[in-house]
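Student: Next input, structure requested:
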Amino acid sequence: MTAAENVCYTLIIVPMDSEPPSEMSLKNDLEKGDVKSKTEALKKVIIMILNGEKLPGLLMTIIRFVLPLQDHTIKKLLLVFWEIVPKTTPDGRLLQEMILVCDAYRKDLQHPNEFIRGSTLRFLCKLKEAELLEPLMPAIRACLEHRHSYVRRNAVLAIYTIYRNFEHLIPDAPELIHDFLVNEKDASCKRNAFMMLIHADQDRALDYLSTCIDQVQTFGDILQLVIVELIYKVCHANPSERARFIRCIYNLLQSSSPAVKYEAAGTLVTLSSAPTAIKAAAQCYIDLIIKESDNNVKLIVLDRLIELKDHPAHERVLQDLVMDILRVLSTPDLEVRKKTLQLALDLVSSRNVEELVIVLKKEVIKTNNVTEHEDTDKYRQLLVRTLHSCSVRFPDMAANVIPVLMEFLSDYNEAAAADVLEFVREAIQRFDNLRLLIVEKMLEVFHCIKSVKIYRGALWILGEYCSTKEDIQSVMTEVRRSLGEIPIVESEIKKEAGEMKPEEEITVGPAQKLVTEMGTYATQSALSSSRPAKKEEDRPPLRGFLLDGDFFVAASLATTLTKIALRYVMLVQEKKKQNSFVAEAMLLMATILHLGKSSLPKKPITDDDVDRISLCLKVLSECSPLMNDIFNKECRQSLSHMLSAKLEEEKLSQKKESEKRSVTVQPDDPISFMQLTAKNEMSSKEDQFQLSLLAAMGNTQRKEAADPLASKLNKVTQLTGFSDPVYAEAYVHVNQYDIVLDVLVVNQTSDTLQNCTLELATLGDLKLVEKPSPLTLAPHDFANIKANVKVASTENGIIFGNIVYDVSGAASDRNCVVLSDIHIDIMDYIQPATCTDAEFRQMWAEFEWENKVTVNTNIIDLNEYLQHILKSTNMKCLTPEKALSGYCGFMAANLYARSIFGEDALANVSIEKPIHLGPDAPVTGHIRIRAKSQGMALSLGDKINLSQKKTNL
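Tutor: Numbering: from 1, shown residues only. The predicted structure follows:
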């Protein structure tokens, strides 16, 4: 049987707080008690039978004194009782008493109350004795014509189960249900009947569907879902039927139910690869994303769209729908927007890039007006990066994008402004025709820049790319405007002095009595002068940065002034003008040096910045050709090298991606003709419905490696010793946020073990979901106990516990066997991920937990050690391959990974090869791990320590 057809039996919670009652007291309650005491006694009987007690003496008592009662609670409990009670003698014959029970249930099937009829029919689904069911068949058939839909739909389920288990009892079931289906009006009854026909007689189900295929849109959603499943299964097994049902699937795309639309779109994609079918399915997915309010639904459906895009034949169809996909950006959730932008970027082509850029520009402008949402800044950053990528791939677009984006250089959000600056730097280097436009726009927004980091970048761009006399003069004017009145120290002192006199107010504080050393009193009054606080905003931006003690920007300014002064000297022939411009530049540098050495700034200038500014002064005083080359040519060349390396890396990753997606067919591969394929060969393809059901139940079969160690046996943990009275071992199955422990318990004694209970406790961020129920184990018997554990964060967890049990007939206390600890591996939750260098540095600065691991290994090659660490920690190396290539005896690399709970893990590997110890000396060094939580940092460190040494298998 498939997972879908397994019967779900009644689950009962067993309270463990009381002693089991005697058989005599139960018999007395069942015979003479009132309805309430009979109910309680029946519950106790059920629990005792579940614990392994036989209680044969109570069977006739229950039949005589409890079965005739009409109380609904008792009737419900009796259904559970008859489900679990032994119904046969030791030699396998049906007990005589069961004939009386059978008669009682025949009467219940004719009861006027629909609840009693329906629940009795549900109970009959669980019976496995054909002799009990046979006398009830006429009554079950009659229930198909009951006035209430609850009875009718349970009658269909009962007939289906009986037909599946004992076909001889009702051989005409498919025909009976087909006739019932034709005349039935209730949606739930039709759904159950149709479901039965799918599994019992598919041809009849298809015949019925053929007669009403035009009315499918009018059916209820539960019936439509079953119809989609039938069409998928039929076409999956017999592809020649596709043409017959594809129109029906198209119609179901218009269903009012989102679930039906989703399933129909998925089925349509698997049935047909025609562009019209792919377009209809993609359109349906996009509508679902926009209309559904749940973000989880949006992300799931977006994943389906991304899967479609990954198929080379479907990519072109989706390119025409890029504008529709961008409608999803109206969702406020950042994760949805991120996936949507990535999908749009993957689908962009020369045909749709213009429209894409227009929409993204509008979105960027919209974010300028919205400040209340916390994710607005991150969203703006995403949009800037997407526009950046578009402009690099399609240079014609850059001229439209740059003026809009450069407005954001003056933004308070430094991250978005830094992305814009990076984009502008790349554009001005790559596209010569845009240089004048970018320089002009940069000069416009220069005085509005509020962040010192952006200011430095803007200064560098202006210093590097201002090539005309007018632009150089404009840069000097902007710098003077941003620096304010010079010399800075004198003007600041004058301002201080000038503001003190008119605005100073002298106030006398209240007199204060003090006691002198000699014990006499002295009176002290304080004169205090106060003046209104000067507004920081009055200062020009650059002057503000310098007075705050940020002199790194001064070093950047000195370099920019040197570059433009050297270029001005080359452009202008008049000596007087040359000297005047160079002198002005030197004056600005000198006044900044003077300010740095004074006590006015909050922090004094650093020695590095003094050296840099002094060097620039020396270069301008000498104006040698060598220095001119270094400042005006070498800087730009190094940027050019960096950009070309970055572009090459991107092309390489794109090439790898396209190679992954391209379908490679070997020359000697067999050709499969659909028409000649046998049915059983077709079914070897994966059934999507079965796969999705298994995934939901956590039974997904991962593709196991060829290595037998990678199989399930590798995850079996022995919990007790072979000589213990109870032997136990557990298979640990990790399914995302859940851990399922499948524990095998074996009774190795010749005694019956009662109330055998698995008691578990957890250490770390693990939580036991439910307490496993107690068992009764016969001599040398075994049983499987399942326990579910929820995981809340990424850290090494430990599950520990014991097995307690009573020996049947023994008067001693409960016995206990202590179990070995089960260690949960952190690697099940960590996945490789990527981030930019800037994001890595930002997280490195923010994360407070650091774990430093000393390298202790037997590996002698640096690169081999790095690969070994990557493999054992599931992390991704962010340092480009080119930076790691070559051999210099030293290596530094950044690693990054994310957990399924959204936690980031950073690592920096600094290793070296101690050459003085010989060629066979092992690698030495340190690995520094940083994470937001202590558990993540420590667990990752433990994992590295455990797996550092290479083991030879």
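
Student: Now tell me what touches stretch 82-92 from outside.
Tutor: Contact with stretch 82-92 is made by 9-10, 46, 49-50, 54, 59, 94-95, 98, 101, 123, 126-127, 129, 132, as judged by C-beta atoms under 8 Å, 6 or more residues apart in numbering. Where C-beta positions appear, they are placed from N, C-alpha and C, glycine not excepted.

Student: at 7 Å instead, please
Tutor: Thr10, Ile46, Ile49, Leu50, Lys54, Leu94, Leu95, Met98, Val101, Phe123, Lys126, Glu129 (C-beta atoms under 7 Å, 6 or more residues apart in numbering).

Student: and of the residues you listed, the nearest to Val769?
Tutor: Val769 has its nearest neighbour among these in Thr10, at 19.7 Å by C-beta to C-beta.

Student: residue boundaries of the strands in the stretch 601-750 of the chain?
Tutor: Assigned by DSSP state E, counting those that start in this stretch, the stretch 601-750 of the chain shows strands spanning 716-718, 726-735, 738-747.

Student: Need those strands in JSON lines (columns: distance to Ile213).
Tutor: Listed next are these as JSON lines, based on distance: least, C-beta to C-beta, whole Å:
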{"stretch": "strand 716-718", "distance to Ile213": "51"}
{"stretch": "strand 726-735", "distance to Ile213": "39"}
{"stretch": "strand 738-747", "distance to Ile213": "41"}
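
Student: so which of those comes closest to Ile402?
Tutor: Nearest to Ile402, of the strands of the stretch 601-750 of the chain and by C-beta to C-beta, is strand 726-735 at 48.6 Å.

Student: what angle separates the closest one from strand 738-747?
Tutor: 160 degrees (axes from the mean of the first three to the mean of the last three C-alpha atoms, to 10 degrees).

Student: Relative to the whole chain's centre, how far out is strand 726-735?
Tutor: 27 Å (C-alpha atoms, centre = their mean, to the nearest Å).

Student: Other residues contacting it?
Tutor: Against strand 726-735 from outside (C-beta under 7 Å, 6+ apart): 698, 712, 715-720, 739-748, 803, 805, 817, 819, 822, 828.

Student: Show the average pLDDT along it.
Tutor: The average pLDDT within strand 726-735 is 86.

Student: And stretch 759-775, by the same measure?
Tutor: Rounded mean pLDDT across stretch 759-775 is 80.

Student: Quick one: end-to-end distance for that stretch.
Tutor: End-to-end distance for stretch 759-775: 12 Å, by C-alpha to C-alpha, to the nearest Å.

Student: Quick check: buried residues in it?
Tutor: Leu760, Thr762, Gly764, Asp765, Leu766, Leu768, Pro772, Pro774, Leu775 (16 or more other C-beta atoms under 10 Å).

Student: Restricted to helices, list those residues.
Tutor: Here DSSP state H is the test, and the buried residues of stretch 759-775 give no hits in helices at all.

Student: Please tabulate these in JSON lines, including the columns distance to Glu634.
Tutor: Output for the buried residues of stretch 759-775, formatted as JSON lines (distance: C-beta to C-beta, whole Å):
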{"residue": "Leu760", "distance to Glu634": "67"}
{"residue": "Thr762", "distance to Glu634": "61"}
{"residue": "Gly764", "distance to Glu634": "55"}
{"residue": "Asp765", "distance to Glu634": "53"}
{"residue": "Leu766", "distance to Glu634": "58"}
{"residue": "Leu768", "distance to Glu634": "65"}
{"residue": "Pro772", "distance to Glu634": "72"}
{"residue": "Pro774", "distance to Glu634": "79"}
{"residue": "Leu775", "distance to Glu634": "79"}
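
Student: coming back round to it: looking at the strands of the stretch 601-750 of the chain, which is nearest to Val66?
Tutor: Nearest to Val66, of all the strands of the stretch 601-750 of the chain, is strand 738-747, at 34.2 Å by C-beta to C-beta.

Student: and Asn755, that one's in a strand?
Tutor: Yes: under DSSP: H, G, I helix; E, B strand; the rest coil, Asn755 sits within a strand.

Student: Next one: it from Ser773, what distance?
Tutor: Asn755 sits 10 Å away from Ser773, going by C-beta to C-beta, to the nearest Å.

Student: from memory Ala277 sits against Thr270, does it?
Tutor: No: here Ala277 lies out of contact with Thr270, judged by C-beta atoms under 7 Å, at a distance of 10.0 Å.

Student: For the two, indicate the residue with more neighbours.
Tutor: Between Ala277 and Thr270, counted using other C-beta atoms under 10 Å, the more crowded position is Ala277 (20 against 15).

Student: State the phi and psi torsions of the more buried one.
Tutor: phi -70, psi -40 (degrees, to the nearest 10).

Student: nearest residue to it other than its sequence neighbours?
Tutor: Distance criterion C-beta to C-beta, 6 or more residues apart in numbering; nearest residue to Ala277, sequence neighbours excluded, is Leu268 at 5.3 Å.

Student: Report the buried residues of the helix or strand containing that neighbour.
Tutor: Take DSSP states H and E as the rule and Leu268 turns out to sit in helix 258-271. Residues Pro258, Val260, Lys261, Tyr262, Glu263, Ala264, Ala265, Gly266, Thr267, Leu268, Val269, Leu271 are the ones in helix 258-271 that count as buried (16+ other C-beta under 10 Å).

Student: ditto for stretch 169-181
Tutor: Using 16+ other C-beta under 10 Å as the test for burial, stretch 169-181 gives Leu169, Ile170, Ala173, Pro174, Leu176, Ile177, His178, Phe180, Leu181.

Student: now for the residues you listed, which pair is the farthest apart?
Tutor: Across these (C-beta to C-beta), the longest gap, 20.5 Å, separates Leu169 and Leu181.

Student: picking up where we left off before, nearest to Leu643 among the buried residues of stretch 759-775?
Tutor: Distance to Leu643, by C-beta to C-beta, is smallest for Asp765 among those, at 44.3 Å.

Student: ok, now how distant is that closest one from Gly902?
Tutor: 14 Å.

Student: tally of neighbours for the closest residue to Glu478 other than its chain neighbours?
Tutor: Distances taken as C-beta to C-beta, 6+ apart place Phe446 nearest to Glu478, at 5.0 Å, with adjacent residues excluded. With neighbours defined by other C-beta under 10 Å, the count for Phe446 comes to 23.

Student: Just the pLDDT for Phe446.
Tutor: 81.

Student: swap in Lys651?
Tutor: The model's pLDDT for Lys651 equals 69.

Student: quick one on the thing from earlier: quick check on the contacts of stretch 82-92: which are buried?
Tutor: The buried subset of the contacts of stretch 82-92 (16+ other C-beta under 10 Å) comprises Ile46, Ile49, Leu50, Leu95, Met98, Val101, Phe123, Lys126.

Student: In helices only, show me those.
Tutor: Using DSSP H, the buried ones among the contacts of stretch 82-92 in helices are Ile46, Ile49, Leu50, Met98, Val101, Phe123.

Student: and of the residues you listed, the nearest to Leu77?
Tutor: Nearest to Leu77 among these, with distances taken as C-beta to C-beta, is Ile46, at 6.9 Å.

Student: how about that closest one, what does it touch?
Tutor: Ile12, Leu77, Val80, Phe81, Ile84.

Student: Quickly note the distance from the residue lying closest to Glu355 once chain neighbours are set aside to Arg567.
Tutor: Spatial nearest neighbour of Glu355, chain neighbours left out: Met323 (5.7 Å); criterion: C-beta to C-beta, 6+ apart. Using C-beta to C-beta, we find Met323 at a distance of 46 Å from Arg567.

Student: Compare those two (neighbour count), which wins?
Tutor: Comparing Met323 with Arg567 by other C-beta under 10 Å, the one with more neighbours is Arg567, at 21 against 13.

Student: Now do the host helix or strand of that one: distance to the chain's middle.
Tutor: For Arg567, the element it lies in under DSSP H and E is helix 552-571. From the chain centre to the centre of helix 552-571 is a distance of 48 Å (C-alpha atoms, centre = their mean).

Student: elements contacting it?
Tutor: helix 452-465, helix 469-483, helix 575-597, helix 607-622 (3 or more C-beta pairs under 7 Å, 6 or more residues apart in numbering; DSSP states H and E).
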